[in-house]
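Colleague: next come a sequence and a model predicted from it.
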Amino acid sequence: EAQVTQNPRYLITVTGKKLTVTCSQNMNHEYMSWYRQDPGLGLRQIYYSMNVEVTDKGDVPEGYKVSRKEKRNFPLILESPSPNQTSLYFCASSFSARVVGEQYFGPGTRLTVT
Amino acid sequence: GENVEQHPSTLSVQEGDSAVIKCTYSDSASNYFPWYKQELGKRPQLIIDIRSNVGEKKDQRIAVTLNKTAKHFSLHITETQPEDSAVYFCAASGGTNAGKSTFGDGTTLTVKP
(Lines give C-alpha, C1' and ligand atoms only; values in the text may rest on other atoms or scores of the structure.)
Protein backbone atom coordinates (compact mmCIF):
# COMPACT_ATOMS: atom_id res chain seq x y z
CA GLU A 1 0.00 0.00 0.00
CA ALA A 2 1.35 3.42 -1.00
CA GLN A 3 1.73 5.50 2.12
CA VAL A 4 3.62 7.96 4.27
CA THR A 5 4.35 6.76 7.78
CA GLN A 6 5.44 8.70 10.85
CA ASN A 7 6.70 7.55 14.21
CA PRO A 8 5.93 8.02 16.97
CA ARG A 9 2.29 9.07 16.64
CA TYR A 10 2.21 10.58 20.12
CA LEU A 11 5.09 11.85 22.22
CA ILE A 12 5.30 13.63 25.55
CA THR A 13 8.75 14.86 26.47
CA VAL A 14 10.54 17.41 28.63
CA THR A 15 12.28 20.61 27.70
CA GLY A 16 15.77 20.07 26.32
CA LYS A 17 15.59 16.32 25.66
CA LYS A 18 16.58 15.65 22.06
CA LEU A 19 14.06 13.79 19.97
CA THR A 20 13.59 12.54 16.42
CA VAL A 21 10.35 12.02 14.55
CA THR A 22 10.78 9.65 11.65
CA CYS A 23 9.03 9.91 8.30
CA SER A 24 9.13 7.34 5.55
CA GLN A 25 7.40 7.03 2.16
CA ASN A 26 7.24 4.02 -0.16
CA MET A 27 6.16 5.85 -3.33
CA ASN A 28 9.62 6.78 -4.62
CA HIS A 29 8.71 10.46 -4.25
CA GLU A 30 11.39 13.09 -4.84
CA TYR A 31 9.87 15.77 -2.65
CA MET A 32 9.30 15.58 1.10
CA SER A 33 8.29 18.20 3.62
CA TRP A 34 7.50 18.78 7.28
CA TYR A 35 4.66 20.94 8.61
CA ARG A 36 3.39 21.90 11.99
CA GLN A 37 -0.27 22.54 12.64
CA ASP A 38 -1.46 24.78 15.43
CA PRO A 39 -5.06 25.87 16.08
CA GLY A 40 -6.04 28.78 13.85
CA LEU A 41 -2.66 28.87 12.09
CA GLY A 42 -3.14 26.27 9.40
CA LEU A 43 -0.17 24.24 8.22
CA ARG A 44 3.18 25.96 8.41
CA GLN A 45 6.12 24.52 6.52
CA ILE A 46 9.21 23.75 8.61
CA TYR A 47 11.65 22.25 6.10
CA TYR A 48 11.43 20.64 2.72
CA SER A 49 13.63 18.47 0.54
CA MET A 50 13.69 18.48 -3.24
CA ASN A 51 15.75 15.30 -3.39
CA VAL A 52 18.40 13.28 -1.56
CA GLU A 53 20.94 15.52 0.20
CA VAL A 54 18.94 18.64 -0.75
CA THR A 55 17.06 20.38 2.04
CA ASP A 56 15.84 23.93 2.53
CA LYS A 57 14.07 26.04 5.10
CA GLY A 58 10.37 26.60 5.11
CA ASP A 59 8.62 29.39 6.98
CA VAL A 60 9.26 28.21 10.56
CA PRO A 61 12.62 26.34 10.67
CA GLU A 62 13.94 27.68 13.99
CA GLY A 63 14.61 24.91 16.51
CA TYR A 64 14.40 22.09 13.96
CA LYS A 65 16.83 20.10 11.86
CA VAL A 66 16.28 17.62 9.06
CA SER A 67 18.32 15.28 6.90
CA ARG A 68 17.66 13.44 3.65
CA LYS A 69 20.26 10.70 3.28
CA GLU A 70 17.91 8.30 1.55
CA LYS A 71 15.06 9.03 -0.82
CA ARG A 72 12.42 7.34 1.33
CA ASN A 73 13.29 8.87 4.74
CA PHE A 74 13.10 12.43 6.03
CA PRO A 75 13.50 12.60 9.83
CA LEU A 76 12.70 15.72 11.85
CA ILE A 77 15.10 16.42 14.71
CA LEU A 78 14.45 18.65 17.70
CA GLU A 79 17.82 19.03 19.40
CA SER A 80 16.53 20.95 22.42
CA PRO A 81 12.73 20.97 22.43
CA SER A 82 10.87 23.81 24.10
CA PRO A 83 7.20 24.14 25.10
CA ASN A 84 6.46 26.37 22.09
CA GLN A 85 7.20 23.35 19.88
CA THR A 86 4.18 21.56 21.29
CA SER A 87 2.16 20.95 18.15
CA LEU A 88 0.79 18.46 15.64
CA TYR A 89 3.41 17.57 13.06
CA PHE A 90 2.77 16.26 9.56
CA CYS A 91 5.23 14.83 7.09
CA ALA A 92 4.26 14.92 3.42
CA SER A 93 5.67 13.73 0.12
CA SER A 94 5.09 14.50 -3.53
CA PHE A 95 6.10 12.77 -6.73
CA SER A 96 8.17 15.45 -8.39
CA ALA A 97 10.20 18.31 -7.00
CA ARG A 98 10.40 20.05 -10.38
CA VAL A 99 6.66 20.05 -11.08
CA VAL A 100 4.81 20.67 -7.86
CA GLY A 101 1.77 18.50 -7.31
CA GLU A 102 -0.38 16.71 -4.78
CA GLN A 103 1.20 16.18 -1.39
CA TYR A 104 0.46 12.95 0.47
CA PHE A 105 0.42 13.45 4.20
CA GLY A 106 1.41 11.09 6.95
CA PRO A 107 -0.95 10.41 9.89
CA GLY A 108 0.60 13.09 12.10
CA THR A 109 2.65 13.13 15.30
CA ARG A 110 1.24 14.91 18.33
CA LEU A 111 4.13 16.29 20.37
CA THR A 112 3.84 17.75 23.85
CA VAL A 113 6.87 19.41 25.43
CA THR A 114 6.57 20.12 29.16
CA GLY B 1 7.89 35.27 0.64
CA GLU B 2 4.46 33.98 -0.26
CA ASN B 3 1.48 34.99 1.86
CA VAL B 4 -1.88 33.22 1.58
CA GLU B 5 -5.01 34.61 3.16
CA GLN B 6 -8.15 32.49 3.46
CA HIS B 7 -11.71 33.60 4.20
CA PRO B 8 -13.97 32.96 5.96
CA SER B 9 -12.47 31.17 8.94
CA THR B 10 -15.81 29.52 9.71
CA LEU B 11 -18.76 28.82 7.44
CA SER B 12 -22.08 27.27 8.33
CA VAL B 13 -24.56 26.25 5.63
CA GLN B 14 -27.75 24.27 5.38
CA GLU B 15 -27.58 20.90 3.67
CA GLY B 16 -28.12 21.34 -0.05
CA ASP B 17 -26.84 24.92 -0.12
CA SER B 18 -23.60 26.00 -1.78
CA ALA B 19 -20.40 26.94 0.03
CA VAL B 20 -17.64 29.23 -1.24
CA ILE B 21 -14.20 29.69 0.31
CA LYS B 22 -11.79 32.30 -1.01
CA CYS B 23 -8.01 32.63 -0.91
CA THR B 24 -5.64 35.33 -2.04
CA TYR B 25 -1.90 34.95 -2.60
CA SER B 26 0.96 37.40 -2.95
CA ASP B 27 3.65 35.73 -5.10
CA SER B 28 2.72 36.19 -8.75
CA ALA B 29 5.14 33.38 -9.67
CA SER B 30 3.08 30.75 -7.78
CA ASN B 31 1.63 28.28 -10.25
CA TYR B 32 -0.04 25.49 -8.30
CA PHE B 33 -3.08 25.94 -6.07
CA PRO B 34 -4.43 22.88 -4.24
CA TRP B 35 -7.31 22.52 -1.81
CA TYR B 36 -7.10 20.03 1.04
CA LYS B 37 -9.85 18.69 3.25
CA GLN B 38 -9.07 17.67 6.82
CA GLU B 39 -11.66 15.76 8.81
CA LEU B 40 -11.45 15.79 12.57
CA GLY B 41 -8.44 13.82 13.78
CA LYS B 42 -7.35 12.92 10.25
CA ARG B 43 -4.62 13.98 7.88
CA PRO B 44 -5.19 16.57 5.12
CA GLN B 45 -6.20 15.08 1.78
CA LEU B 46 -6.28 16.72 -1.62
CA ILE B 47 -9.76 17.30 -3.01
CA ILE B 48 -9.03 19.44 -6.05
CA ASP B 49 -6.19 21.49 -7.49
CA ILE B 50 -5.59 23.95 -10.29
CA ARG B 51 -2.53 25.13 -12.17
CA SER B 52 -1.90 28.67 -13.30
CA ASN B 53 -2.60 27.95 -16.96
CA VAL B 54 -6.24 27.03 -16.20
CA GLY B 55 -9.06 29.29 -15.04
CA GLU B 56 -11.53 26.75 -13.71
CA LYS B 57 -11.66 23.07 -12.85
CA LYS B 58 -14.62 20.93 -11.78
CA ASP B 59 -14.96 17.53 -10.18
CA GLN B 60 -18.57 16.56 -9.53
CA ARG B 61 -19.85 18.86 -6.75
CA ILE B 62 -16.61 20.76 -6.24
CA ALA B 63 -14.96 23.36 -8.42
CA VAL B 64 -12.02 25.73 -8.16
CA THR B 65 -11.65 29.02 -9.99
CA LEU B 66 -8.44 31.00 -10.41
CA ASN B 67 -7.98 34.66 -11.23
CA LYS B 68 -4.25 35.17 -11.83
CA THR B 69 -4.57 38.88 -12.44
CA ALA B 70 -6.22 39.46 -9.09
CA LYS B 71 -4.19 36.69 -7.42
CA HIS B 72 -7.12 34.92 -5.89
CA PHE B 73 -8.72 31.49 -6.16
CA SER B 74 -11.89 30.02 -4.74
CA LEU B 75 -13.37 26.67 -3.80
CA HIS B 76 -17.03 26.08 -4.64
CA ILE B 77 -19.00 23.19 -3.17
CA THR B 78 -22.54 22.70 -4.46
CA GLU B 79 -25.35 20.62 -2.96
CA THR B 80 -23.50 20.37 0.34
CA GLN B 81 -23.92 17.26 2.47
CA PRO B 82 -23.19 16.67 6.18
CA GLU B 83 -20.10 14.65 5.22
CA ASP B 84 -18.65 17.82 3.66
CA SER B 85 -18.23 19.15 7.22
CA ALA B 86 -14.47 19.51 7.76
CA VAL B 87 -11.63 22.02 7.75
CA TYR B 88 -10.58 23.13 4.26
CA PHE B 89 -7.14 24.53 3.46
CA CYS B 90 -5.98 26.33 0.37
CA ALA B 91 -2.31 26.50 -0.57
CA ALA B 92 0.00 28.13 -3.09
CA SER B 93 3.30 26.74 -4.31
CA GLY B 94 5.75 26.57 -7.19
CA GLY B 95 6.59 30.24 -6.88
CA THR B 96 9.84 32.12 -6.41
CA ASN B 97 11.03 29.37 -4.02
CA ALA B 98 9.89 26.33 -5.96
CA GLY B 99 9.80 23.91 -3.05
CA LYS B 100 7.89 26.13 -0.67
CA SER B 101 4.22 25.51 0.01
CA THR B 102 2.23 28.14 1.86
CA PHE B 103 -1.14 27.24 3.33
CA GLY B 104 -4.05 29.40 4.35
CA ASP B 105 -5.24 29.28 7.96
CA GLY B 106 -8.19 27.05 7.13
CA THR B 107 -11.98 27.28 6.97
CA THR B 108 -14.17 25.20 9.25
CA LEU B 109 -17.23 24.24 7.21
CA THR B 110 -20.30 22.96 9.04
CA VAL B 111 -23.18 21.56 7.01
CA LYS B 112 -26.38 21.38 9.04
CA PRO B 113 -28.81 18.57 8.17
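Modeller: Structure's in. What do you need? Residues are numbered from 1 along each chain as shown, chains lettered A, B, ... in the order given.
Colleague: partner strands of the host helix or strand of residue B:37 and their direction?
Modeller: In this assignment (DSSP states H and E), residue B:37 forms part of strand B:32-38. Taking DSSP bridges as the criterion, strand B:32-38 sits next to strand B:45-51 (antiparallel), strand B:86-93 (antiparallel) in its sheet.
Colleague: just checking: what are the partner strands of the one helix or strand residue B:111 maps to?
Modeller: Residue B:111 belongs to strand B:107-112 when elements are defined using DSSP H and E. Strand B:107-112 has the following sheet partners, assigned by DSSP bridges: strand B:10-14 (parallel), strand B:86-93 (antiparallel).
Colleague: after the first one comes which helix or strand?
Modeller: If I follow you right, that is strand B:10-14. On the C-terminal side of strand B:10-14, the closest following helix or strand by DSSP H and E is strand B:19-25.
Colleague: any residue of that following strand touching chain A?
Modeller: No. Counting by CB under 8 Å from any CB of the partner chain, chain A is not contacted by strand B:19-25; separation bottoms out at 10.8 Å. All C-beta atoms are positioned from the backbone trio N, CA, C, and that covers glycine.
Colleague: elements contacting that strand?
Modeller: For strand B:19-25, the elements it packs on are strand B:4-7, strand B:10-14, strand B:72-77, strand B:86-93, strand B:107-112, judged by 3 or more CB pairs under 8 Å, 6 or more residues apart in numbering or on different chains; DSSP states H and E.
Colleague: format the strands paired with strand B:107-112 as TSV; extra columns: mean pLDDT and distance to residue B:24.
Modeller: Putting the strands paired with strand B:107-112 into TSV (pLDDT from 0 to 100; distance: least, CB to CB, whole Å) gives the following:
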stretch	mean pLDDT	distance to residue B:24
strand B:10-14	98	17
strand B:86-93	97	9
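Colleague: return the most buried member of the ones you listed.
Modeller: Of all the strands paired with strand B:107-112, strand B:86-93 carries the top mean neighbour count, a mean of 25, counting by mean count of other CB atoms under 10 Å in any protein chain shown.
Colleague: give the bridge partners for the closest residue to residue B:66 other than its chain neighbours, please.
Modeller: With CB to CB, 6 or more residues apart in numbering or on different chains as the criterion, residue B:66 has its nearest non-adjacent residue at 4.4 Å, and that residue is residue B:73. Taking DSSP bridges, one finds residue B:23, residue B:66 as the beta-bridge partners of residue B:73.
Colleague: repeat for residue B:101
Modeller: Assessed by DSSP bridges, residue B:101 has beta-bridge partners residue B:93.
Colleague: what of residue B:87?
Modeller: Note on residue B:87: beta-bridge partners by DSSP bridges are residue B:38, residue B:108.
Colleague: let me see the contact set for it.
Modeller: Taking CB atoms under 8 Å, 6 or more residues apart in numbering or on different chains as the contact definition, residue B:87 lies against B:37-39, B:106-109.
Colleague: turn the residues you listed into TSV, columns for distance to residue A:88.
Modeller: Rendered in TSV, the data for these read as follows (distance: CB to CB, whole Å):
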residue	distance to residue A:88
B:37	16
B:38	11
B:39	14
B:106	13
B:107	18
B:108	16
B:109	20
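Colleague: how close does the residue lying closest to residue B:45 once chain neighbours are set aside sit to chain A?
Modeller: Once flanking residues are discounted, residue B:45 sits nearest to residue B:37: 5.8 Å by CB to CB, 6+ apart. The spacing between residue B:37 and chain A, counted by CB to the nearest CB, to the nearest Å, is 11 Å.
Colleague: now do the contacts for residue B:37.
Modeller: Taking CB under 8 Å, 6+ apart, we find residue B:37 in contact with B:44-45, B:47, B:86-89.
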